[in-house]
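A.B. asks: below: sequence and its predicted model.
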Amino acid sequence: MSAQKVRGLYFNQFEIGMQITTQGRTITESDIVGFAGLSGDYNQIHTDKTYASKADFGKRVAHGLLVTSIVSGLAVQTGFMEGTVMAFREISQWKYSSPIFIGDTIHAKICVANKKAMKRINAGSVDLEITVYNQDDKIVQSGNWIILIKNQN
């Protein structure tokens, strides 16, 4: 059995102010339908085109938590925590600023805001400021994530 290749950064390699930008991802109708099935959230603003056309936004809106989940995947795809992340520890001050619609393309900018060594578990806590943008560079979601990252042995 071969050893797992580590592509991600170890705790000591994170620097406050470091920035990472994810690739873009277009939100599809399949995303919304799949998330509704997975979560059980069949709210009509997400799943009923006729209802949503008469509601506040005039068309179906992606679930906020769907987009947050996709952003998590986009962050992982950058590789900065592949093989080094121990846990997603906290999400705080998360704001849903603007609706995201079918066909919108999102991406995230990630900035290392703080870090704290946790010697007891041979890791560290990394505080990430996440800002999610749509295709027009409008902020649609933002907040902080705290992740636990392994120390390099």
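C.D. replies: Happy to help now that I have it.
A.B. asks: now do the strands in this protein.
C.D. replies: Using DSSP state E, the strands of the chain run over residues 19-21, 25-26, 85-96, 105-118, 123-133, 139-150.
A.B. asks: with mean neighbour count, mean pLDDT and distance to residue 11 added, can I get those in a markdown table?
C.D. replies: Backbone N, C-alpha and C define where each C-beta goes, glycine included. Converted to a markdown table, the strands of the chain look like this (neighbours: other CB atoms under 10 Å; pLDDT from 0 to 100; distance: least, CB to CB, whole Å):
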| stretch | mean neighbour count | mean pLDDT | distance to residue 11 |
| --- | --- | --- | --- |
| strand 19-21 | 13 | 97 | 16 |
| strand 25-26 | 14 | 98 | 28 |
| strand 85-96 | 13 | 96 | 10 |
| strand 105-118 | 17 | 98 | 7 |
| strand 123-133 | 21 | 98 | 3 |
| strand 139-150 | 19 | 98 | 5 |
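A.B. asks: okay, these in CSV with distance to residue 51 next?
C.D. replies: Putting the strands of the chain into CSV (distance: least, CB to CB, whole Å) gives the following:
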stretch, distance to residue 51
strand 19-21, 36
strand 25-26, 23
strand 85-96, 20
strand 105-118, 24
strand 123-133, 26
strand 139-150, 22
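A.B. asks: closest one to residue 54 among those strands?
C.D. replies: strand 85-96 (21.5 Å; CB to CB).
A.B. asks: now that closest one - C-alpha only, PDB.
C.D. replies: C-alpha atoms of strand 85-96 as PDB (Å, rounded to 0.1, in the frame of the first residue of the first chain):
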ATOM      1  CA  VAL A  85      -7.400  19.200   6.700                       C
ATOM      2  CA  MET A  86      -8.500  17.400   9.900                       C
ATOM      3  CA  ALA A  87     -11.900  19.000  10.300                       C
ATOM      4  CA  PHE A  88     -14.300  21.800   9.300                       C
ATOM      5  CA  ARG A  89     -14.700  23.300  12.800                       C
ATOM      6  CA  GLU A  90     -16.900  26.300  12.600                       C
ATOM      7  CA  ILE A  91     -18.900  28.600  10.400                       C
ATOM      8  CA  SER A  92     -19.700  32.100  11.700                       C
ATOM      9  CA  GLN A  93     -21.100  35.500  10.700                       C
ATOM     10  CA  TRP A  94     -22.400  33.900   7.500                       C
ATOM     11  CA  LYS A  95     -24.500  36.300   5.400                       C
ATOM     12  CA  TYR A  96     -26.700  35.600   2.400                       C
END
